[in-house]
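Q: missing the sequence, but the structure's below:
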(Lines give C-alpha, C1' and ligand atoms only; values in the text may rest on other atoms or scores of the structure.)
Protein backbone atom coordinates (compact mmCIF):
# COMPACT_ATOMS: atom_id res chain seq x y z
CA UNK A 1 0.00 0.00 0.00
CA UNK A 2 2.86 2.34 0.88
CA UNK A 3 4.60 1.37 -2.36
CA UNK A 4 1.51 2.22 -4.40
CA UNK A 5 1.17 5.53 -2.61
CA UNK A 6 4.76 6.49 -3.47
CA UNK A 7 4.27 5.50 -7.10
CA UNK A 8 1.13 7.58 -7.22
CA UNK A 9 2.93 10.56 -5.71
CA UNK A 10 5.76 10.35 -8.20
CA UNK A 11 3.27 10.09 -11.07
CA UNK A 12 1.55 13.24 -9.85
CA UNK A 13 4.83 15.11 -9.58
CA UNK A 14 5.90 13.98 -13.04
CA UNK A 15 2.56 14.95 -14.54
CA UNK A 16 2.73 18.36 -12.91
CA UNK A 17 6.23 18.91 -14.29
CA UNK A 18 5.03 18.14 -17.79
CA UNK A 19 2.12 20.56 -17.65
CA UNK A 20 3.12 24.10 -18.51
CA UNK A 21 0.82 27.10 -18.72
CA UNK A 22 0.10 28.08 -22.31
CA UNK A 23 2.15 31.12 -23.31
CA UNK A 24 0.16 34.28 -23.90
CA UNK A 25 -0.65 34.81 -27.55
CA UNK A 26 1.62 37.39 -29.17
CA UNK A 27 -0.20 40.66 -29.65
CA UNK A 28 0.35 43.95 -31.43
CA UNK A 29 0.09 47.26 -29.66
CA UNK A 30 -0.91 50.77 -30.68
CA UNK A 31 1.02 53.97 -30.04
CA UNK A 32 -0.51 57.39 -30.67
CA UNK A 33 1.41 60.63 -30.90
CA UNK A 34 0.85 64.12 -32.24
CA UNK A 35 2.96 67.12 -33.12
CA UNK A 36 2.40 70.64 -34.51
CA UNK A 37 2.88 70.53 -38.27
CA UNK A 38 4.87 73.22 -40.04
CA UNK A 39 3.31 72.19 -43.36
CA UNK A 40 -0.24 72.71 -42.05
CA UNK A 41 0.46 75.72 -39.86
CA UNK A 42 -1.62 78.69 -40.99
CA UNK A 43 -3.50 76.60 -43.56
CA UNK A 44 -6.14 78.68 -45.36
CA UNK A 45 -9.10 76.66 -44.08
CA UNK A 46 -7.95 77.12 -40.47
CA UNK A 47 -8.02 73.38 -39.90
CA UNK A 48 -5.98 71.98 -36.99
CA UNK A 49 -2.24 71.75 -37.57
CA UNK A 50 -1.82 69.17 -34.80
CA UNK A 51 -3.18 65.74 -35.69
CA UNK A 52 -3.06 62.27 -34.15
CA UNK A 53 -0.88 59.66 -35.83
CA UNK A 54 -1.69 56.02 -35.00
CA UNK A 55 1.14 53.48 -35.12
CA UNK A 56 0.33 49.77 -34.82
CA UNK A 57 3.35 47.64 -33.89
CA UNK A 58 3.36 43.83 -34.10
CA UNK A 59 4.81 41.69 -31.33
CA UNK A 60 7.87 41.08 -33.55
CA UNK A 61 8.94 44.72 -33.33
CA UNK A 62 12.12 45.42 -31.33
CA UNK A 63 13.79 48.80 -31.28
CA UNK A 64 17.18 47.55 -32.44
CA UNK A 65 15.69 45.75 -35.45
CA UNK A 66 13.43 48.18 -37.36
CA UNK A 67 10.68 46.99 -39.67
CA UNK A 68 9.27 48.11 -43.03
CA UNK A 69 6.59 50.77 -42.64
CA UNK A 70 3.16 50.93 -44.26
CA UNK A 71 1.77 54.47 -44.33
CA UNK A 72 -1.99 54.14 -44.70
CA UNK A 73 -4.32 56.85 -46.06
CA UNK A 74 -8.02 56.42 -45.14
CA UNK A 75 -10.81 57.18 -47.60
CA UNK A 76 -12.64 60.48 -47.90
CA UNK A 77 -13.78 61.76 -44.52
CA UNK A 78 -11.73 59.20 -42.62
CA UNK A 79 -8.73 59.78 -40.41
CA UNK A 80 -6.64 58.18 -37.70
CA UNK A 81 -9.37 58.80 -35.12
CA UNK A 82 -11.55 55.95 -36.38
CA UNK A 83 -8.62 53.52 -36.31
CA UNK A 84 -7.74 54.59 -32.77
CA UNK A 85 -11.31 53.96 -31.61
CA UNK A 86 -11.24 50.56 -33.33
CA UNK A 87 -7.71 49.79 -32.15
CA UNK A 88 -8.43 46.15 -31.23
CA UNK A 89 -9.43 45.38 -34.82
CA UNK A 90 -6.41 47.08 -36.36
CA UNK A 91 -3.98 45.70 -33.80
CA UNK A 92 -5.23 42.22 -34.66
CA UNK A 93 -4.87 43.04 -38.36
CA UNK A 94 -1.28 44.20 -37.82
CA UNK A 95 -0.40 41.02 -35.94
CA UNK A 96 -2.06 38.81 -38.57
CA UNK A 97 -0.11 40.65 -41.23
CA UNK A 98 3.11 40.06 -39.30
CA UNK A 99 2.38 36.36 -38.83
CA UNK A 100 1.04 35.59 -42.31
CA UNK A 101 2.83 38.06 -44.61
CA UNK A 102 5.58 40.19 -43.07
CA UNK A 103 6.08 42.15 -39.84
CA UNK A 104 5.52 45.85 -40.55
CA UNK A 105 4.64 49.02 -38.72
CA UNK A 106 1.15 50.07 -39.77
CA UNK A 107 0.85 53.87 -39.60
CA UNK A 108 -2.48 55.67 -40.09
CA UNK A 109 -2.51 59.39 -40.85
CA UNK A 110 -5.17 62.09 -40.63
CA UNK A 111 -5.62 64.13 -43.83
CA UNK A 112 -9.09 65.54 -43.14
CA UNK A 113 -10.04 69.14 -43.73
CA UNK A 114 -13.13 71.32 -43.57
CA UNK A 115 -14.73 69.52 -46.48
CA UNK A 116 -13.93 66.00 -45.31
CA UNK A 117 -10.74 65.08 -47.11
CA UNK A 118 -7.70 66.75 -48.62
CA UNK A 119 -6.94 64.08 -51.25
CA UNK A 120 -3.48 64.19 -49.60
CA UNK A 121 -2.20 66.83 -52.05
CA UNK A 122 -0.64 70.26 -51.68
CA UNK A 123 -3.05 73.02 -52.64
CA UNK A 124 -3.24 76.76 -51.99
CA UNK A 125 -6.93 76.29 -51.28
CA UNK A 126 -6.46 73.87 -48.39
CA UNK A 127 -2.84 73.40 -47.26
CA UNK A 128 0.17 71.19 -47.92
CA UNK A 129 -0.96 67.70 -47.00
CA UNK A 130 1.52 65.88 -49.24
CA UNK A 131 4.39 67.62 -47.45
CA UNK A 132 2.78 66.87 -44.10
CA UNK A 133 2.79 63.12 -44.79
CA UNK A 134 6.03 62.71 -46.71
CA UNK A 135 8.28 65.18 -44.92
CA UNK A 136 6.88 65.36 -41.41
CA UNK A 137 4.96 62.22 -40.48
CA UNK A 138 7.57 59.95 -42.08
CA UNK A 139 10.35 61.77 -40.24
CA UNK A 140 8.49 61.67 -36.92
CA UNK A 141 7.66 57.97 -37.21
CA UNK A 142 11.13 56.93 -38.26
CA UNK A 143 12.86 59.01 -35.59
CA UNK A 144 10.82 57.07 -33.02
CA UNK A 145 10.82 53.56 -34.48
CA UNK A 146 13.51 53.48 -37.16
CA UNK A 147 13.08 51.96 -40.61
CA UNK A 148 14.49 48.77 -42.07
CA UNK A 149 17.47 48.75 -44.43
CA UNK A 150 15.88 46.01 -46.53
CA UNK A 151 14.87 46.48 -50.16
CA UNK A 152 11.27 47.35 -49.23
CA UNK A 153 11.43 50.12 -46.63
CA UNK A 154 8.26 52.13 -47.05
CA UNK A 155 4.89 51.38 -48.63
CA UNK A 156 2.19 53.96 -49.21
CA UNK A 157 -1.30 52.43 -49.19
CA UNK A 158 -4.87 53.64 -49.09
CA UNK A 159 -8.50 53.06 -50.00
CA UNK A 160 -10.73 55.19 -52.26
CA UNK A 161 -9.48 58.78 -51.90
CA UNK A 162 -6.65 57.23 -49.91
CA UNK A 163 -5.91 54.98 -52.88
CA UNK A 164 -5.74 58.11 -55.03
CA UNK A 165 -3.38 59.64 -52.48
CA UNK A 166 -1.20 56.52 -52.47
CA UNK A 167 -0.84 56.66 -56.25
CA UNK A 168 -0.11 60.39 -56.25
CA UNK A 169 2.45 60.27 -53.46
CA UNK A 170 4.02 57.17 -54.97
CA UNK A 171 4.46 59.07 -58.23
CA UNK A 172 5.69 62.34 -56.82
CA UNK A 173 7.89 60.87 -54.08
CA UNK A 174 9.24 57.77 -55.84
CA UNK A 175 12.49 57.72 -53.87
CA UNK A 176 10.57 57.68 -50.60
CA UNK A 177 8.09 54.87 -51.30
CA UNK A 178 9.22 51.47 -52.55
CA UNK A 179 5.70 50.17 -52.98
CA UNK A 180 2.13 51.38 -53.57
CA UNK A 181 -1.11 49.60 -52.70
CA UNK A 182 -4.13 51.44 -54.12
CA UNK A 183 -7.52 49.94 -53.20
CA UNK A 184 -10.44 51.30 -55.26
CA UNK A 185 -8.46 54.46 -56.06
CA UNK A 186 -10.16 57.59 -57.38
CA UNK A 187 -9.19 57.49 -61.06
CA UNK A 188 -10.59 57.77 -64.57
CA UNK A 189 -12.48 60.87 -63.46
CA UNK A 190 -14.55 61.11 -66.63
CA UNK A 191 -16.16 57.81 -65.64
CA UNK A 192 -16.01 57.91 -61.84
CA UNK A 193 -16.49 61.58 -60.95
CA UNK A 194 -18.12 63.56 -63.74
CA UNK A 195 -21.63 62.18 -63.14
CA UNK A 196 -21.35 63.09 -59.45
CA UNK A 197 -20.54 66.67 -60.38
CA UNK A 198 -23.76 66.90 -62.40
CA UNK A 199 -26.10 66.02 -59.56
CA UNK A 200 -28.68 68.68 -58.58
CA UNK A 201 -27.02 69.34 -55.22
CA UNK A 202 -23.91 70.49 -57.10
CA UNK A 203 -25.46 72.22 -60.09
CA UNK A 204 -28.18 74.12 -58.20
CA UNK A 205 -25.94 76.07 -55.83
CA UNK A 206 -25.16 79.65 -56.84
CA UNK A 207 -21.68 81.07 -57.27
CA UNK A 208 -22.42 83.52 -54.45
CA UNK A 209 -23.24 80.62 -52.12
CA UNK A 210 -20.08 78.76 -53.11
CA UNK A 211 -17.94 81.82 -52.45
CA UNK A 212 -19.63 82.37 -49.10
CA UNK A 213 -19.16 78.86 -47.70
CA UNK A 214 -15.70 78.52 -49.26
CA UNK A 215 -14.38 81.73 -47.68
CA UNK A 216 -11.51 81.02 -45.25
CA UNK A 217 -13.30 82.93 -42.47
CA UNK A 218 -16.57 81.03 -42.94
CA UNK A 219 -17.70 79.53 -39.63
CA UNK A 220 -21.16 78.25 -40.51
CA UNK A 221 -22.19 74.63 -40.99
CA UNK A 222 -20.76 72.65 -43.89
CA UNK A 223 -23.27 71.52 -46.53
CA UNK A 224 -25.35 68.48 -45.69
CA UNK A 225 -25.58 67.35 -49.30
CA UNK A 226 -22.86 64.71 -49.70
CA UNK A 227 -22.27 65.33 -53.40
CA UNK A 228 -21.90 69.08 -52.85
CA UNK A 229 -19.50 68.65 -49.93
CA UNK A 230 -17.45 66.22 -52.02
CA UNK A 231 -17.41 68.64 -54.95
CA UNK A 232 -16.21 71.47 -52.70
CA UNK A 233 -13.43 69.30 -51.28
CA UNK A 234 -12.23 68.11 -54.68
CA UNK A 235 -12.37 71.63 -56.07
CA UNK A 236 -10.12 72.81 -53.23
CA UNK A 237 -7.68 69.99 -54.02
CA UNK A 238 -7.69 70.22 -57.82
CA UNK A 239 -8.59 73.78 -58.80
CA UNK A 240 -7.14 76.30 -56.34
CA UNK A 241 -7.28 79.95 -57.35
CA UNK A 242 -4.20 82.07 -57.90
CA UNK A 243 -1.37 82.72 -55.48
CA UNK A 244 -3.05 85.81 -54.00
CA UNK A 245 -6.30 83.97 -53.29
CA UNK A 246 -5.37 81.41 -50.66
CA UNK A 247 -8.26 79.27 -49.55
CA UNK A 248 -10.27 79.93 -52.71
CA UNK A 249 -10.86 77.67 -55.68
CA UNK A 250 -12.47 77.70 -59.11
CA UNK A 251 -15.98 76.28 -59.29
CA UNK A 252 -17.05 73.93 -62.08
CA UNK A 253 -20.04 76.10 -63.06
CA UNK A 254 -20.55 79.70 -64.13
CA UNK A 255 -23.18 82.00 -62.66
CA UNK A 256 -25.64 80.96 -65.38
CA UNK A 257 -25.03 77.25 -64.71
CA UNK A 258 -22.75 76.50 -67.67
CA UNK A 259 -20.16 73.79 -67.16
CA UNK A 260 -16.59 75.15 -67.22
CA UNK A 261 -14.60 72.77 -69.36
CA UNK A 262 -11.29 74.49 -68.58
CA UNK A 263 -11.78 73.93 -64.87
CA UNK A 264 -12.73 70.31 -65.47
CA UNK A 265 -9.46 69.88 -67.36
CA UNK A 266 -7.64 71.00 -64.22
CA UNK A 267 -9.37 68.17 -62.42
CA UNK A 268 -8.33 65.77 -65.15
CA UNK A 269 -4.71 66.84 -64.79
CA UNK A 270 -4.86 65.39 -61.27
CA UNK A 271 -6.36 62.08 -62.40
CA UNK A 272 -3.86 59.23 -61.75
CA UNK A 273 -4.87 57.66 -65.06
CA UNK A 274 -4.08 60.88 -66.93
CA UNK A 275 -0.78 61.18 -65.08
CA UNK A 276 0.46 57.69 -65.95
CA UNK A 277 -0.73 58.05 -69.55
CA UNK A 278 1.15 61.32 -70.05
CA UNK A 279 4.27 60.56 -68.05
CA UNK A 280 6.35 57.50 -68.86
CA UNK A 281 8.37 58.14 -65.71
CA UNK A 282 5.35 58.36 -63.42
CA UNK A 283 6.82 55.54 -61.30
CA UNK A 284 10.34 54.20 -60.98
CA UNK A 285 10.95 50.74 -62.48
CA UNK A 286 12.01 49.52 -59.03
CA UNK A 287 8.72 50.48 -57.38
CA UNK A 288 6.03 47.83 -56.87
CA UNK A 289 2.57 49.10 -57.87
CA UNK A 290 -0.56 47.15 -56.87
CA UNK A 291 -3.97 48.47 -57.97
CA UNK A 292 -7.38 46.90 -57.55
CA UNK A 293 -11.11 47.49 -57.43
CA UNK A 294 -14.10 45.22 -56.77
CA UNK A 295 -16.41 44.03 -59.51
CA UNK A 296 -19.41 45.97 -58.13
CA UNK A 297 -17.52 49.16 -57.27
CA UNK A 298 -20.12 51.96 -57.31
CA UNK A 299 -17.50 54.49 -58.48
CA UNK A 300 -16.14 52.18 -61.19
CA UNK A 301 -12.76 52.32 -59.47
CA UNK A 302 -12.08 48.82 -60.79
CA UNK A 303 -12.23 50.21 -64.34
CA UNK A 304 -9.80 53.02 -63.61
CA UNK A 305 -7.46 50.69 -61.73
CA UNK A 306 -7.42 48.25 -64.62
CA UNK A 307 -6.63 51.03 -67.10
CA UNK A 308 -3.73 52.22 -64.94
CA UNK A 309 -2.40 48.68 -64.82
CA UNK A 310 -2.72 48.28 -68.59
CA UNK A 311 -0.60 51.39 -69.10
CA UNK A 312 2.04 50.34 -66.58
CA UNK A 313 2.35 46.75 -67.79
CA UNK A 314 3.69 48.03 -71.12
CA UNK A 315 6.60 49.71 -69.33
CA UNK A 316 9.54 48.54 -67.28
CA UNK A 317 7.46 48.34 -64.11
CA UNK A 318 6.54 45.79 -61.47
CA UNK A 319 2.76 46.06 -61.32
CA UNK A 320 -0.31 43.98 -60.57
CA UNK A 321 -4.08 44.33 -60.87
CA UNK A 322 -6.76 42.44 -58.98
CA UNK A 323 -10.55 42.56 -59.17
CA UNK A 324 -12.13 40.98 -56.10
CA UNK A 325 -15.86 40.40 -55.79
CA UNK A 326 -17.93 42.87 -53.83
CA UNK A 327 -18.54 46.59 -53.50
CA UNK A 328 -16.36 49.68 -53.09
CA UNK A 329 -15.75 49.37 -49.33
CA UNK A 330 -16.19 45.63 -48.81
CA UNK A 331 -13.49 43.69 -46.94
CA UNK A 332 -10.85 46.40 -47.02
CA UNK A 333 -8.49 44.71 -44.49
CA UNK A 334 -8.42 41.46 -46.48
CA UNK A 335 -7.82 43.36 -49.70
CA UNK A 336 -5.03 45.37 -48.12
CA UNK A 337 -3.40 42.19 -46.81
CA UNK A 338 -3.50 40.67 -50.28
CA UNK A 339 -1.84 43.74 -51.80
CA UNK A 340 0.89 43.73 -49.18
CA UNK A 341 1.45 40.00 -49.72
CA UNK A 342 2.09 40.77 -53.38
CA UNK A 343 4.51 43.58 -52.47
CA UNK A 344 6.48 41.25 -50.19
CA UNK A 345 6.28 38.39 -52.71
CA UNK A 346 4.31 36.14 -50.38
CA UNK A 347 1.50 33.73 -51.33
CA UNK A 348 -1.73 35.61 -52.00
CA UNK A 349 -5.22 34.50 -51.03
CA UNK A 350 -8.10 35.29 -53.36
CA UNK A 351 -10.92 37.29 -51.79
CA UNK A 352 -14.12 35.25 -51.78
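A: Great, that's in hand. Computed from a predicted structure; not experimentally measured.
Q: Report the separation between residue 79 and residue 266.
A: 26 Å (Cβ to Cβ, to the nearest Å). Where you see a C-beta, it was placed from the backbone N, CA and C, and this is true even at glycine.
Q: quick one: which of these two has more around it?
A: Higher neighbour count among residue 79 and residue 266: residue 79, with 19 against 16, using other Cβ atoms under 10 Å.
Q: so is the closest residue to the more buried one other than its chain neighbours in a helix, a strand, or just coil?
A: Once flanking residues are discounted, residue 79 sits nearest to residue 110: 3.7 Å by Cβ to Cβ, 6 or more residues apart in numbering. Recorded secondary structure, residue 110: coil (DSSP: H, G, I helix; E, B strand; the rest coil).
Q: Neighbours of residue 110, how many?
A: 26.
Q: List the contacts of it.
A: By Cβ atoms under 8 Å, 6 or more residues apart in numbering, the contact set of residue 110 is 51, 52, 53, 79, 80, 81.
Q: Now with 10 Å, please.
A: When contacts are counted by Cβ atoms under 10 Å, 6 or more residues apart in numbering, residue 110 touches 34, 48, 50-54, 73-74, 78-84, 118, 129, 132-133, 137.
Q: just residue 352 next, same as before
A: 324, 325, 326, 331, 334.
Q: Now for these: which two are most distant?
A: 325 and 334 (11.4 Å; Cβ to Cβ).
Q: residues near residue 62, how many?
A: 10.
Q: For the chain, which residue occupies the most central location?
A: Closest to where the C-alpha atoms of the chain average out (Cα atoms, centre = their mean) is residue 73, at 1.9 Å.
Q: Touching, it and residue 177? I think so.
A: No: applying Cβ atoms under 10 Å as the test, residue 73 and residue 177 come out as separate, 11.6 Å apart.
Q: got any residues that touch both of the two?
A: 156, 157, 166, 169.
Q: mind listing the strands for the stretch 151-300 of the chain?
A: Taking DSSP state E, counting those that start in this stretch as the criterion, the stretch 151-300 of the chain carries its strands at 154-159, 179-183, 288-292.
Q: Check which residues of the helix or strand just after the last one are buried.
A: So the one you mean is strand 288-292. Once the chain leaves strand 288-292, the next helix or strand it forms, by DSSP states H and E, is helix 301-312. For helix 301-312, the buried set under the neighbour-count rule, 16 or more other Cβ atoms under 10 Å, comprises 301, 302, 303, 304, 305, 306, 307, 308, 309, 311, 312.
Q: where do the helices sit along the stretch 251-352 of the chain?
A: For the stretch 251-352 of the chain, the helices defined by DSSP state H, counting those that start in this stretch occupy 261-268, 272-278, 301-312, 332-343.
Q: any shared contact partners between residue 325 and residue 334?
A: 350, 351, 352.
Q: can you count the residues close to the second one?
A: Number of residues near residue 351 (other Cβ under 10 Å) recorded here: 17.
Q: So, low pLDDT: which residues of this structure?
A: Regions of the chain meeting the criterion pLDDT under 70 cover residues 1-25.
Q: how does it divide into domains?
A: The chain is divided into the following domains under automatic domain parsing: 29-187+289-343, 192-267.
Q: hey, which of the ones you listed is tucked in deepest?
A: domain 29-187+289-343 (a mean of 20; mean count of other Cβ atoms under 10 Å).
Q: what's the spacing between it and its chain's center?
A: 3 Å (Cα atoms, centre = their mean, to the nearest Å).
Q: Is the closest residue to residue 59 other than its chain neighbours in a helix, a strand, or coil?
A: Nearest non-adjacent residue to residue 59, counting by Cβ to Cβ, 6+ apart: residue 26, 3.6 Å away. Of the three states, residue 26 takes coil according to three-state DSSP.
Q: What does the closest residue to residue 215 other than its chain neighbours show for phi and psi?
A: Nearest residue to residue 215 in three dimensions, chain neighbours excluded: residue 247, at 7.2 Å (Cβ to Cβ, 6+ apart). With angles defined as degrees, to the nearest 10, residue 247 sits at phi 90, psi -10.
Q: check contacts around residue 247.
A: With contacts defined as Cβ under 10 Å, 6+ apart, residue 247 is in contact with 43-46, 114, 123-127, 214-218, 236, 240-241.
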